[in-house]
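[1] got a sequence here, can you build the structure:
(one chain, ligands or ions: 1)
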Amino acid sequence: MIFLLSDLHLPNTPSSLRDRFLAFLAGPAREAEAVYILGDLFEVWIGDAEGLSDHAAEADALRALRDSGVKLYFQHGNRDFLLGRRYAERAGLELLADPVVVALDGSPTLLSHGDRWCSDDLAYQRWRRFSRKPLTQFIFRSLPKRLRVQLAGAARGQSDRDKARKPAAIMDVNGDAIRDAFTSSGVRRIIHGHTHRPARHRLDIDGVACERIVLADWRASRCEVLALRDGQFTALSLLA
Ligand SMILES: [Mn+2]
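    Numbering: from 1, shown residues only. Sure, this is the predicted structure:
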């Protein structure tokens, strides 16, 4: 069995979502061959030093799961793109490129956080390019913690205001971007998160039946992971 999840947006304060994630790692995840985390596991990430202290519980639980033989993969989201090697090594996470093709149950599958395909949102794509530059990240990392906290808060505030203001359609993936992703990668299946629009979309790409699966974001009323077993996808709810 393989589990895929994204967009948990775990805060660095006590939260039922964090408890449910830890319970998942100690429980159902133990049955898996691999767990793929497709970004935005954490709500905010200003650096690994802070992450190692704020999210020590998650690092310990992930590490224990990895040590039990479950492979753990992590792709960066737009909230936790600064998660680095230090935290990844401590937690036993293998960092994946975005996008990346992996064989899931023998079927090549393109995995991504998904924000790259929201290409109608030009302002967001500008921010994305800027924030992913090595120089930007180098400068950010060298700032004092107080300033990094402030900047991360400002970026989140801007993103929340934008979300309230922008038409819903531009915050979804762009159809042409998805078509390009299918044709350039040659896969028949894409799995991503980010848009908070969980669904399974069937598409016809140049006469080939393809599928795009969107993972569910977590909230108090919905904590679910996608399970893949014997070629079948099912959503597993973690609300007891
Ligand atoms: Mn996201």
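
[2] which secondary structure elements does the worst-scoring helix or strand of the chain on mean pLDDT contact?
    Taking mean pLDDT, DSSP states H and E as the measure, helix 145-165 is the helix or strand of the chain with the lowest mean score, a mean of 91. Packing partners of helix 145-165 (3 or more C-beta pairs under 8 Å, 6 or more residues apart in numbering; DSSP states H and E): helix 122-131, helix 134-141. Using the backbone N, CA and C atoms, a C-beta is placed for each residue, glycine as well.

[3] may I see the buried residues of that helix?
    In terms of neighbour count (16 or more other C-beta atoms under 10 Å), helix 145-165 has its buried residues at 148, 152.

[4] show residues contacting it.
    43-47, 50, 78-79, 123-124, 127, 131, 140-141, 143, 171 (C-beta atoms under 8 Å, 6 or more residues apart in numbering).

[5] mark which of the residues you listed are buried, thanks.
    43-47, 50, 78-79, 124, 127, 140, 171.

[6] tabulate the residues you listed in JSON lines, adding columns for secondary structure and pLDDT.
    Shown next, in JSON lines, are those (DSSP: H, G, I helix; E, B strand; the rest coil; pLDDT from 0 to 100):
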{"residue": "43", "secondary structure": "coil", "pLDDT": "96"}
{"residue": "44", "secondary structure": "coil", "pLDDT": "96"}
{"residue": "45", "secondary structure": "coil", "pLDDT": "97"}
{"residue": "46", "secondary structure": "coil", "pLDDT": "97"}
{"residue": "47", "secondary structure": "coil", "pLDDT": "97"}
{"residue": "50", "secondary structure": "helix", "pLDDT": "97"}
{"residue": "78", "secondary structure": "coil", "pLDDT": "95"}
{"residue": "79", "secondary structure": "coil", "pLDDT": "95"}
{"residue": "124", "secondary structure": "helix", "pLDDT": "93"}
{"residue": "127", "secondary structure": "helix", "pLDDT": "94"}
{"residue": "140", "secondary structure": "helix", "pLDDT": "95"}
{"residue": "171", "secondary structure": "helix", "pLDDT": "90"}
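
[7] quick check, nearest of the contacts of helix 145-165 to residue 185?
    For the contacts of helix 145-165, the minimum distance to residue 185 (C-beta to C-beta) is 21.1 Å, reached by residue 78.

[8] the residue nearest the centre of the chain and the ion: what is the separation?
    In the chain, the residue lying closest to the centroid (C-alpha atoms, centre = their mean) is residue 39, at 1.6 Å. Distance, residue 39 to the ion, using C-beta to the ion, to the nearest Å: 6 Å.
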